[in-house]
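Student: Turn this into a structure:
(one chain, ligands or ions: 2)
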Amino acid sequence: MKAVHFGAGNIGRGFVGLLLHEAGYEVVFADVADALIDQLASTPSYDVHEVGEEPAVKTVDNYRALNSRSQEEDVVAEVATAEIVTTAVGPNVLKFLAPVIARAIARRSDELAPLQVMACENAINATDILRREVEQTYDGAALDLASRAVFANTAVDRIVPNQAPGQGLDVTVETFFEWVIDRTPFKGNAPEIPGATYVDDLEPYIERKLFTVNTGHASAAYFGYAAGVEKIADAMADEAIAAKVRAVLDETKQLLVSKHGFDAAEQEAYVQKILRRFTNQHLPDTVVRVGRAPLRKLSRKERFVGPAAELAETGVHPAALLEAMQAALAFSAADDPEVAALAEILASQEPGEATTTITGLEAEHPLYGPVREIIVQHAPGHSA
Ligand SMILES: NC(=O)c1ccc[n+]([C@@H]2O[C@H](COP(=O)([O-])OP(=O)(O)OC[C@H]3O[C@@H](n4cnc5c(N)ncnc54)[C@H](O)[C@@H]3O)[C@@H](O)[C@H]2O)c1
Ligand SMILES: O=P(O)(O)OC[C@@H](O)[C@@H](O)[C@H](O)[C@H](O)CO
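Tutor: Ligands and ions are numbered 1, 2, ... in the order given. Alright, predicted model coming up:
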């Protein structure tokens, strides 16, 4: 059995690659980072160090590595004959992988079972985004594509920080993990991946993950950055920051319980567990990594505006989420292109226009006014 995994970074090596390996797949990592691919190709195994409660070390071997830029044809050939394709490259990168996957599906033998495609990105229905991109470049008949590939949405959860220089291919991760996969597209032939959970309705799980883990995490990062703190665990050790993060998660909890019918006590336990994960002092996670790409994080369907908009539509004023968004607007990190792009929008657009550009909210939306108010404060040159 063979799986091709695009993106041999933190979550690729530390989670998806590990679980596929443990499920018995030979994993072919495909990435554009030359040094990483060279190192993987020349190293027979790497270790995943699980830190926190009940630490453990897992070894991943039986893999190969290809450069998806310079060895694109080889990657197409591998995908054409694989059982599974997974990605962990970032939601905005999926469009660049799509042509390769489309060509591989077009080349796939009809003798083979449909290729099982799962995008493991932090975004609502990332696999649907990838499927639409693949459909756009696929040159076979539409029917052909549907019979040759199965696209399943997933929600992946494991905190994998940026790795310390000098650590080689080894990855330090938290002990916790969750991989929830939509069972329905597989029509009874879902792959057996120990540790993965299959569900018939993914939406509640993916929203619960994104609007709790990632909303809380990003809030800790932006409030931590504002307080001059470097590590997420240190930010959470600050009582004032922890209280603000908790207030944010109270708001998303309210939405998740009312929208998806999660039991309030169960959701409270979920929140508590996630807050504990953020305090893991063994995990060298930083506000810079977790706060990365603020424009993506402030976009319409994402971890702040997504839940805040839905709350506002029901008449709730999401004050804590707005405070976190305000902190996000002030976030800075060297070498993050989205920090520069956000600053450019704030400097060049009047607050109303910037509100729509950044959050996708139109003037009629009940959240538009409150967001515009915080944007005004970040554009002092503009009048309210
Ligand atoms: N790190 C985590 O804690 C975590 C947890 C859950 C989900 N995720 C999600 O997983 C995805 C990856 O995150 P990460 O933390 O592993 O990032 P990362 O930067 O460590 O890894 C991304 C990898 O993708 C590679 N890449 C970029 N463009 C590519 C392309 N065109 N083709 C092939 N490879 C390409 C990069 O070289 C890099 O190695 C994101 O969507 C993230 O939200 C991350
Ligand atoms: O990957 P991002 O940029 O969407 O979000 C940063 C972190 O919140 C994220 O990577 C978490 O560590 C992860 O989602 C935990 O499952």
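Student: Distance of residue 312 relative to ligand 1?
Tutor: Between residue 312 and ligand 1 the distance, using C-beta to the nearest ligand atom, to the nearest Å, works out to 25 Å. Every residue, glycine included, has its C-beta placed from N, CA and C.
Student: Show me the helices in the stretch 201-350 of the chain, by range?
Tutor: Remark: helices assigned in the stretch 201-350 of the chain by DSSP state H, counting those that start in this stretch are 203-208, 215-226, 232-237, 239-260, 264-278, 287-290, 294-297, 305-313, 319-329, 337-348.
Student: Out of these, which gets nearest to ligand 2?
Tutor: Closest approach to ligand 2 among these is made by helix 215-226 (3.7 Å; C-beta to the nearest ligand atom).
Student: which bits of the protein sit near ligand 1?
Tutor: For the chain, the residues in contact with ligand 1 under the definition C-beta under 6 Å from any ligand atom are 6-12, 30-33, 36, 68, 88-91, 93, 96-97, 121-122, 156, 158-160.
Student: Tell me how far the closest residue to residue 151 other than its chain neighbours lies from residue 20.
Tutor: Closest residue in space to residue 151, ignoring its immediate chain neighbours: residue 131 at 4.2 Å, by C-beta to C-beta, 6 or more residues apart in numbering. Residue 131 sits 20 Å away from residue 20, taking C-beta to C-beta, to the nearest Å as the criterion.
Student: One more: residue 263?
Tutor: As defined by C-beta to C-beta, residue 263 lies at a distance of 33 Å from residue 20.
Student: Next: residue 77.
Tutor: Counting by C-beta to C-beta, the gap between residue 77 and residue 20 amounts to 19 Å.
Student: domain assignment for this protein?
Tutor: According to the domain assignment given by automatic domain parsing, the chain is divided into the following structural domains: 2-201, 207-378.
Student: want to try CSV for those domains, with mean neighbour count and mean pLDDT as columns?
Tutor: Below are the domains of the chain laid out as CSV (neighbours: other C-beta atoms under 10 Å; pLDDT from 0 to 100):
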stretch, mean neighbour count, mean pLDDT
domain 2-201, 18, 96
domain 207-378, 19, 97
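Student: OK, contacts around residue 271?
Tutor: By C-beta atoms under 8 Å, 6 or more residues apart in numbering, the contact set of residue 271 is 212, 216, 249, 253.
Student: got it, and residue 173?
Tutor: 14, 15, 48, 49, 50, 51, 158, 159, 160.
Student: can we see that at 7 Å?
Tutor: 14, 15, 48, 50, 158, 160 (C-beta atoms under 7 Å, 6 or more residues apart in numbering).
Student: mind listing what the host helix or strand of the fourth one pairs with, with the direction of each?
Tutor: Here residue 50 sits within strand 46-51, counting by DSSP states H and E. Strand 46-51 has its sheet partners listed here by DSSP bridges as strand 56-60 (antiparallel), strand 171-174 (parallel).
Student: In a markdown table: those strands, plus distance to residue 313.
Tutor: What follows is these, written out as a markdown table (distance: least, C-beta to C-beta, whole Å):
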| stretch | distance to residue 313 |
| --- | --- |
| strand 56-60 | 44 |
| strand 171-174 | 34 |
